[in-house]
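S.K.: Quick one, fold the following:
(chains A, B, C and D)
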Protein chains: 2
Amino acid sequence: MLKKTNRISLVDQVVSQMENLIENGHWSIGDKVPPEMELMEEFGVSRNTLREAIHALVHAGLLETKQGSGTIVRSSSSLEAAMHRYIEKSDLLETLEVRLALEKEAAQLAAKRRSEEDINKLHASIKQCQDAAERGAMEDFIKADITFHKNMVRAANNKLLQDLYEHMTDPLYSSIRDIMLMDNQFDYNKEIHSELLDAIRHQDIDGATKYVDAYINEFKKRL
Amino acid sequence: MLKKTNRISLVDQVVSQMENLIENGHWSIGDKVPPEMELMEEFGVSRNTLREAIHALVHAGLLETKQGSGTIVRSSSSLEAAMHRYIEKSDLLETLEVRLALEKEAAQLAAKRRSEEDINKLHASIKQCQDAAERGAMEDFIKADITFHKNMVRAANNKLLQDLYEHMTDPLYSSIRDIMLMDNQFDYNKEIHSELLDAIRHQDIDGATKYVDAYINEFKKRL
DNA sequence: ATGTACCAATCATCCTACAAATTTGGAGTG
DNA sequence: CACTCCAAATTTGTAGGATGATTGGTACAT
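M.R.: The predicted model follows:
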C-alpha cells in the first residue's frame, strides 16, 4: 500500500486548477474572473472552500478581489509577485547591483548561444533606440533601451535568468528612468549598444564581456 | 480623489500579523502554532476568516497544516518558498548557471566590502574544510564547503544577492553533493579556496575575480 | 510486550445568514 | 432628451454553527 498521503485538500485542488487557468492564459491579466457563485458550481465546492482558494491566490499575488465589484487577474506568476514584494522593501542600489550582475552573465551567454532570431530582435531594438534618439524623444528612448537589454537577456537562453532579470527590471523602471533623465549631460550615442550587438553577432564572448563591463561602470558612476 | 481603498480586509490583517510573528521568530520554524480556536480568540476574528489567513500562508509556503495534528511553521520567507517552487520545475543546469553568476559577483563585492568578522567566518569555514579533508569525510567536507561559499556571499553585504543565492543553493544541495561525489578523481586540495580567502582579505578584487573564474570553469567541466 | 479498540483534539468541508461595497437601471426633474 | 439621485441587484466580506475525517495517544485484552 503505497498511497503516500495521496489526499490533496479540496482547496489545493481548486488552487491548482485556477493557477493553470491563469498560466495557460484562459484567464488573462486584467480579466474579471467569474463570481464566487459560478465558480462554486463549476468546481463543485462550497463557498468557503472556494474562497480559501481565491484568497490563497490573492495572497500569492495572482488575483485581486474588490468587494462589490469582483475578482480580477493581477499577475501570472507567483515568483513575480514575491519578487515584487521583496524588491519594494529592498534597497535600490542592492537591487541594481544584482540586476547588473545578471546582465553581465547574460551578455556572455548571449554571445555564446544567440540565434538568428535573437540577432534580429536586438537589431530591431537598436533601430528603435536610434529613431528615438534622432527625434530626441527621451521617454521612447528609455523604453527601447530597456527592451534591448531584455532581448539580450532572452538571447542568453536561460529561463530562470530571464525571469529574475525581468521581475527585477519592471519594478525598477521608474528608478532607471529617473537616473537617466537626471543626467543632464546625457549622451544618446553612448547608450546605443551597437558594438555590443556586433560582439554578440560574431559570438565574440570577450568583446561582449568587455563592452558590458564598460557600460556597467559608466552606469554605476551616475548613482 | 486619492481615496486609495484604505480598507484592509480582516484576513489580510491577520495574515500580516502572522507573517510578522514568523519573521520576528516568535513562531520559529518547526514550531506548532496554537490551534484555530485559540487564534480565533487572540485575533478576534471568526473561524472562516482565520482559516483563510492560515491557508494563504500555507499556500505561500510559510505554514503547513496537518489534519488532526495541527499547524506548524515551515519557512520564514515567501520569496524563499516561491523560489523553491520555481526551481523545482527548472532545469538544473540553468539554475547552476545563475547561481555561479551570483557567486562571481559576490566574490568581487566581498573583496571590496568584507569586514573583519567576515574574514574570521571565512577562515573558520576553510578550517572545517581542511579538517574534513584530512579525515576523508566527504559529506562533512561538502557541507563545510557550501558554508564557505555562503559566508563569502554574506560578505558581499547585499541582502538581495544573499537571499537569492541561498534560496537557490538549498534546493540544489543534493545535486551539488551528487556532482562532487561522482567525481572519482576528486581532489580535496583543489576545492579548498584559501587563495580566494587571501584575495578577499587583501581586498584584491582582480585576484578574487580570477580565482573565482578559474574554479567556476573547473566546476562547469564536471557537468 | 503487542496489537486492537476507542477517545479526544484538530483540521476539512459545507451550510446559512447578514454586512459592506459596487454597479446598474429606473424614476424623477429640468 | 439629458441629467441627477436613489434603490435594487450583484458581488465580495465576515460570522457562527454543524458534521466528517485524520491524527495521536490511551487503555484494555491477549
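S.K.: can we go C-alpha only for contacts and neighbour counts from here?
M.R.: OK.
S.K.: what residues does the helix or strand bottoming out on mean pLDDT in chain A touch?
M.R.: Lowest by mean pLDDT, DSSP states H and E among the helices and strands of chain A is helix A:188-191, with a mean of 72. Taking contacts as C-alpha atoms under 8 Å, 6 or more residues apart in numbering or on different chains, the residues outside helix A:188-191 that touch it are A:133, A:145.
S.K.: buried ones in it?
M.R.: residue A:191 (16 or more other C-alpha atoms under 10 Å in any protein chain shown).
S.K.: neighbours of the residue of chain A found nearest chain B, just the number please.
M.R.: The nearest approach of chain A to chain B comes at residue A:56, 4.1 Å away (C-alpha to the nearest C-alpha). Residues near residue A:56, counting by other C-alpha atoms under 10 Å in any protein chain shown, number 25.
S.K.: Next one: the closest residue to it other than its chain neighbours from residue A:54, what distance?
M.R.: Spatial nearest neighbour of residue A:56, excluding adjacent residues (C-alpha to C-alpha, 6 or more residues apart in numbering or on different chains): residue B:56 at 4.1 Å. To residue A:54, residue B:56 is 9 Å away according to C-alpha to C-alpha, to the nearest Å.
S.K.: Check chain A and tell me which residue is nearest its centre.
M.R.: Residue closest to the average C-alpha location in chain A (C-alpha atoms, centre = their mean): residue A:166, at 2.7 Å.
S.K.: I figured it hits residue A:151, correct?
M.R.: No. With contact defined as C-alpha atoms under 8 Å, residue A:166 does not reach residue A:151; the gap is 10.3 Å.
S.K.: at contact distance from chain B, anything in stretch A:146-162?
M.R.: Yes. Using C-alpha under 8 Å from any C-alpha of the partner chain, stretch A:146-162 reaches chain B at A:158, A:159, A:160, A:161.
S.K.: quick one, what contacts residue A:199?
M.R.: Per C-alpha under 8 Å, 6+ apart, neighbours of residue A:199: A:111, A:205, A:207, A:208.
S.K.: Ok, residue A:53 next?
M.R.: A:11, A:12, A:14, A:15.
S.K.: Can you say which helix or strand has the third one in it?
M.R.: Spelled out, it's residue A:14. helix A:10-23 (DSSP states H and E).
S.K.: Briefly note if that helix comes near DNA strand C.
M.R.: Yes. Counting by C-alpha under 7 Å from any atom of the strand, DNA strand C is contacted by helix A:10-23 at A:10, A:11.
S.K.: Centre of the chain to the very next helix or strand once past that helix, how far?
M.R.: The first helix or strand that comes after helix A:10-23 along the chain, using DSSP H and E, is strand A:32-33. On the basis of C-alpha atoms, centre = their mean, to the nearest Å, strand A:32-33 sits 23 Å off its chain's mean C-alpha point.
S.K.: counting contacts, what elements does strand A:32-33 pack onto?
M.R.: strand A:70-73 (3 or more C-alpha pairs under 8 Å, 6 or more residues apart in numbering or on different chains; DSSP states H and E).
S.K.: The strand it packs on vs DNA strand D: in contact?
M.R.: Yes. Strand A:70-73 lies within reach of DNA strand D by C-alpha under 7 Å from any atom of the strand, at A:70, A:71.
S.K.: which residues are contacting the very next helix or strand once past that strand?
M.R.: For strand A:70-73, the succeeding helix or strand toward the C-terminus, using DSSP H and E, is helix A:78-89. Applying C-alpha under 8 Å, 6+ apart, the contact partners of helix A:78-89 are A:60-62, A:75, A:95, A:163, A:167-168, A:171, B:78-79, B:82-83, B:86.
S.K.: okay, these in TSV with neighbour count next?
M.R.: Shown next, in TSV, are these (neighbours: other C-alpha atoms under 10 Å in any protein chain shown):
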residue	neighbour count
A:60	24
A:61	22
A:62	25
A:75	21
A:95	20
A:163	16
A:167	19
A:168	20
A:171	15
B:78	23
B:79	25
B:82	23
B:83	19
B:86	16
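S.K.: quick one: which of these is nearest DNA strand C?
M.R.: Each of the contacts of helix A:78-89 was scored against DNA strand C by C-alpha to the nearest atom of the strand, and residue A:60 proved nearest at 17.9 Å.
S.K.: contacting residues for that closest one?
M.R.: Residue A:60 touches A:78, A:81, A:82, B:56, B:59, B:60, counting by C-alpha under 8 Å, 6+ apart.
S.K.: And for residue A:13, the neighbour number?
M.R.: Residue A:13, neighbours per other C-alpha under 10 Å, totals 13.
S.K.: OK, contacts around it?
M.R.: Not one residue lies near residue A:13 by C-alpha under 8 Å, 6+ apart.
S.K.: separation between the closest residue to residue A:71 other than its chain neighbours and residue A:72?
M.R.: Among residues not flanking residue A:71 along the chain, residue A:65 sits closest, at 4.2 Å (C-alpha to C-alpha, 6+ apart). Counting by C-alpha to C-alpha, the gap from residue A:65 to residue A:72 is 6 Å.
S.K.: more crowded one of these two?
M.R.: residue A:72 (20 against 16).
S.K.: give me every residue that touches that one.
M.R.: Contacts of residue A:72 by C-alpha under 8 Å, 6+ apart are A:29, A:30, A:31, A:32, A:33, A:63, A:64, A:65.
S.K.: Which strand residues bridge it?
M.R.: residue A:32, residue A:64 (DSSP bridges).
S.K.: Whether the helix or strand hosting residue A:40 contacts DNA strand D - can you check?
M.R.: According to DSSP H and E, residue A:40 maps onto helix A:36-43. Yes. Interface with DNA strand D: helix A:36-43 contributes A:36, A:37 (C-alpha under 7 Å from any atom of the strand).
S.K.: residues in contact with that helix?
M.R.: Here helix A:36-43 has contacts from A:14, A:46, A:47, A:50, A:51, using C-alpha under 8 Å, 6+ apart.
S.K.: List buried members of those residues by neighbour count.
M.R.: Buried among these (16+ other C-alpha under 10 Å): A:14, A:50, A:51.
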